[in-house]
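**Q** The sequence isn't on hand, but the structure is:
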């Protein structure tokens, strides 16, 4: 027997009369924070190249924010999931799809897009720089990699009757050969006896479209946090690499130097050695390693 609702309708009858247009609905976009790590040019052929953490941005080719830099992304198409839309955008902008991808957060602040009510389901992708073939999408006039700097400016803590509020203020700096984009992003942690919550806000912004400074800040903090307890950094490496190169990647993500011995103990179970060595002129050959897949079997 079919169950009846308060109006005496079966589910089939209810669905026949349901009109989605009776309710205001948001548009949904999938925005991509795409990270890679590249080599800086070494001062000497005997010196190992340093690493840079970079993020992909596109220059908007239309309104709103015409000419401003933004994260690659677009609206979710009918019949797509948000993840499928993210994979499509990733392939369109970089030419690759089989990469590390994870959902970050859904940004739904009112007024975040001047066109209409738009929610952004954001994703983080990690790409080995050897794989990349950049091209701007249909709604972009240019695409470029920007070096990332994200540093704490100040923090403060306020106690109240229910707990405390801790505020962190960060400077986000994105640099290319042609220009530099800056923003100050505030992260507020509210802790109560029964709950905690985190909120992001943009204090100042110079050159980034929409609320993308917040999305980038969220992605950097997620990446830094997961580096400490997962093998996520290995998704930025080529198939074979030296332990020194891997340590450089950890250091550029965390923005701090690491002790060599402690680092090698930390990653010992994440990598396995091979019988291959580097062949760089001017350097002593170093053993090459690869990701240890035994951990996942």
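**A** In hand now; what should we look at? Keep in mind it's a predicted model, so treat the numbers as computed, not measured.

**Q** Check residue 135 and give its pLDDT.
**A** At residue 135, the pLDDT value in this model is 59.

**Q** can you pull the buried residues of the helix ranked longest in the chain?
**A** In the chain, taking DSSP state H as the definition, the longest helix is helix 212-227. For helix 212-227, burial by neighbour count (16 or more other CB atoms under 10 Å) applies to 212, 213, 214, 215, 216, 217, 218, 219, 220, 221, 222, 223. In short, each C-beta sits where N, CA and C put it, glycine included.

**Q** Could you tell me the angle between the helix or strand hosting residue 249 and helix 212-227?
**A** Assigned by DSSP states H and E, residue 249 belongs to helix 243-254. Calculated by axes from the mean of the first three to the mean of the last three CA atoms, to 10 degrees, helix 243-254 forms an angle of 140 degrees with helix 212-227.

**Q** What residues of the following helix or strand past helix 243-254 count as buried?
**A** As assigned by DSSP H and E, the chain's next helix or strand after helix 243-254 is helix 260-267. Buried residues in helix 260-267, counted by 16+ other CB under 10 Å: 263, 267.

**Q** And for stretch 94-101?
**A** Under the neighbour-count criterion of 16+ other CB under 10 Å, stretch 94-101 has 94, 96, 99, 101 buried.

**Q** Kindly check the end-to-end length of that stretch for me.
**A** 14 Å (CA to CA, to the nearest Å).

**Q** mind checking how far it is from the chain centre?
**A** Remark: stretch 94-101 is offset 13 Å from the chain centroid, using CA atoms, centre = their mean, to the nearest Å.

**Q** mean confidence for that stretch?
**A** Taken as a whole, stretch 94-101 carries a mean pLDDT of 84.

**Q** Run through the bridge partners of the residue nearest to residue 220 when sequence neighbours are not counted.
**A** Of all residues not flanking residue 220 in the chain, residue 150 sits nearest, at 4.7 Å (CB to CB, 6 or more residues apart in numbering). Beta-bridge partners for residue 150, by DSSP bridges, are residue 172.
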